[in-house]
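Colleague: okay, sequence plus prediction incoming.
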Amino acid sequence: MSKLNPRTTKYEFLGPPGALLISIGVPSMIYGLYYGCSEQTGGCPPPTLTLSKLTSEITTLPLTLPLHELSWWKGLWHEVWDTDAALMYFAWYAFCVVAWRVLPGDQVEGIRMRDGNVKKYKINAFSTFLLALGLVTGVIFRYGPENFTFLYERWIGFATAAIFMSVFQAFGVYAISFREGALLAQGGNSGNWVYDWYIGRQLNPTLSIFGAEFDIKSFNELRPGLILWALIDISMMCEQAVRRGGIGGVTDSMWLVLLFQVGYIADGLYNEPAILTTMDITTDGFGFMLSVGDLAWVPFVYSLQARYLVFHPLVLGPVATALIIAVNATGYHIFREANGQKNDFRNGKDTRGLEYFTTESGSKLITSGWWGRSRHPNYFGDLLMALAWSLPTGFETPITYFYVTYFAVLLIHRQRRDDENCEKKYGKDWDKYKKIVPYRIIPYVY
Ligand SMILES: NC(=O)C1=CN([C@@H]2O[C@H](COP(=O)(O)OP(=O)(O)OC[C@H]3O[C@@H](n4cnc5c(N)ncnc54)[C@H](OP(=O)(O)O)[C@@H]3O)[C@@H](O)[C@H]2O)C=CC1
Ligand SMILES: CC(C)=CCC[C@@H](C)[C@H]1CC=C2C3=C(CC[C@@]21C)[C@@]1(C)CC[C@H](O)C(C)(C)[C@@H]1CC3
């Protein structure tokens, strides 16, 4: 072990068994949410329906066959694999790579890594998004919404292709992490291959594409999955339009989900340089956790509410619509302000008159504004938005609240991980910060 890449001695996510369980659990959950909530399987269960009743109601699937029978597995494969959808998915991925390479974009520096190097990132995710959006809206307006419903119809095939891509990438980046001189993630070098493959062994796996440095992690985080999520939502809107006599028939609930989520995606892409200071880029390696999260989990799970509204259209009326908009706007304001304050501060652009103190490491910690109210105010804003994305689906089933529930668990866990990392980074300065700002996420509550 080199001095620069010491062995990881502390496991997260309950170590290798946990990593294995999550690696199997995440794809299973993606399928589970589809089979548990789609019109092909009889809609979504109301809160009173028990799981055993739900399983017995799923009659279109060969799930009642015993697992040891080959025909069960063959049936499952035919159910989830769709060659045309897979080819379209791979073409989509290739489109994103080509767009990254050919569209113009500034070169922005990331933070200084522990080997002293500073990586440069090409910033053109937002133009890739605008190009994709332009092409799709062009198709919808020129040929009608019925020509953009294939993401709804072939949903399961696309999800399978994305899962395949994430497995393939995770093995690829694990393999290249053994190249000479690779800077490893401090948490991903345990020597246990299951764990390292899952958590990500190399910090910033990079390829050279037509002479340009291609950063695999930041590319996956913002482009093929995040933009696909927007396209899936648009496809759900088109499917609803087709069923309800045209775009004019699309319900207010569908418009809310679409505008909130596409707005959130556009915001993330527009503020692309901001991801360079996030935990994923600065600290975590790129392994199966992020590849399946970026490519499969985000587009196919985060779009559940829009998919539900296709076969369960709901008209909210002006009062409910206004209230939900208010929740989303509050969440967005906190999220954007908090992230903006930290990014401007970290990039040395603007301290916005905020109070701060300088740590022994030389880095400064903000102690007023949003970062003086809780240690992760951006998570609080994000959570409020997550709630606003589920509310338009009403209260007939708890499944459409899966996103906000999972997200709360993810962010509570993530906050604890970040706290530990900061503790290591800043030592007693972090304790001082914790005394000044005692709340973790929600000011005065948690
Ligand atoms: N939609 C989704 O599924 C998800 C969205 N997100 C969102 O992504 C965004 C990024 O999240 P994430 O990377 O987890 O964390 P943050 O962007 O909050 O970054 C945490 C880092 O910020 C720095 N920091 C902490 N406190 C202060 C302070 N007081 N002053 C200055 N710097 C400070 C520390 O790094 P250092 O000091 O080294 O700079 C810390 O490690 C969030 O808005 C989150 O809501 C995250 C996960 C999933
Ligand atoms: C279940 C599982 C495997 C979870 C892995 C976690 C990932 C889904 C998330 C980790 C951090 C993320 C971020 C975003 C999406 C979800 C993942 C990948 C993000 C790109 C969403 C848009 C935001 O504006 C963002 C850029 C701040 C954000 C960054 C973190």
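Modeller: Happy to help now that I have it. Ligands and ions are numbered 1, 2, ... in the order given.
Colleague: secondary structure class for residue 114?
Modeller: coil (DSSP: H, G, I helix; E, B strand; the rest coil).
Colleague: how close does it sit to residue 309?
Modeller: 46 Å (CB to CB, to the nearest Å). Just so you know, the C-beta spots here come from the backbone N, C-alpha and C atoms, and that holds for glycine as well.
Colleague: which one's more surrounded, these two?
Modeller: residue 309 (27 against 10; other CB atoms under 10 Å).
Colleague: what packs against the one helix or strand the more buried one maps to?
Modeller: Element membership of residue 309, judged by DSSP states H and E, is helix 304-311. The contact analysis (3 or more CB pairs under 8 Å, 6 or more residues apart in numbering; DSSP states H and E) places helix 304-311 against helix 224-243, helix 252-270, helix 402-426.
Colleague: wondering if the first one reaches ligand 1 at all.
Modeller: No. Where contact is defined by CB under 6 Å from any ligand atom, no part of helix 224-243 touches ligand 1; the two come within 9.2 Å at best.
Colleague: what average pLDDT does that helix get?
Modeller: Helix 224-243 carries an average pLDDT of 98.
Colleague: what residues sit buried inside it?
Modeller: Buried positions in helix 224-243, judged by neighbour count with 16 or more other CB atoms under 10 Å: 224-242.
Colleague: please see if the helix or strand hosting residue 299 touches ligand 2.
Modeller: Per DSSP H and E: residue 299 is located in helix 298-301. Yes. Legend: contact between helix 298-301 and ligand 2 by CB under 6 Å from any ligand atom is shown at residue 298.
Colleague: can you list the buried residues in that helix?
Modeller: In helix 298-301, counting by 16+ other CB under 10 Å, buried: 298, 299, 300, 301.
Colleague: would you list those residues in a markdown table and tack on pLDDT?
Modeller: Shown next, in a markdown table, are the buried residues of helix 298-301 (pLDDT from 0 to 100):
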| residue | pLDDT |
| --- | --- |
| 298 | 98 |
| 299 | 98 |
| 300 | 98 |
| 301 | 97 |
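Colleague: follow-up on the earlier one: what's the helix holding residue 299 packed up against?
Modeller: Helix 298-301 packs on helix 15-36, helix 155-176, helix 224-243, helix 402-426, going by 3+ CB pairs under 8 Å, 6+ apart.
Colleague: got the contact list for residue 303?
Modeller: Listed by CB atoms under 8 Å, 6 or more residues apart in numbering, the contact set of residue 303 reads 229, 232, 233, 236, 261.
Colleague: what's the neighbour count on residue 46?
Modeller: If we define neighbours as other CB under 10 Å, then residue 46 has 11 of them.
Colleague: quick one, grab the pLDDT at it.
Modeller: 75.
Colleague: check which helix or strand covers it.
Modeller: Going by DSSP H and E, residue 46 is not in any helix or strand.
Colleague: ok, it touching residue 400?
Modeller: No. Look at residue 46 against residue 400 with CB atoms under 8 Å: they stay out of range, at 11.6 Å.
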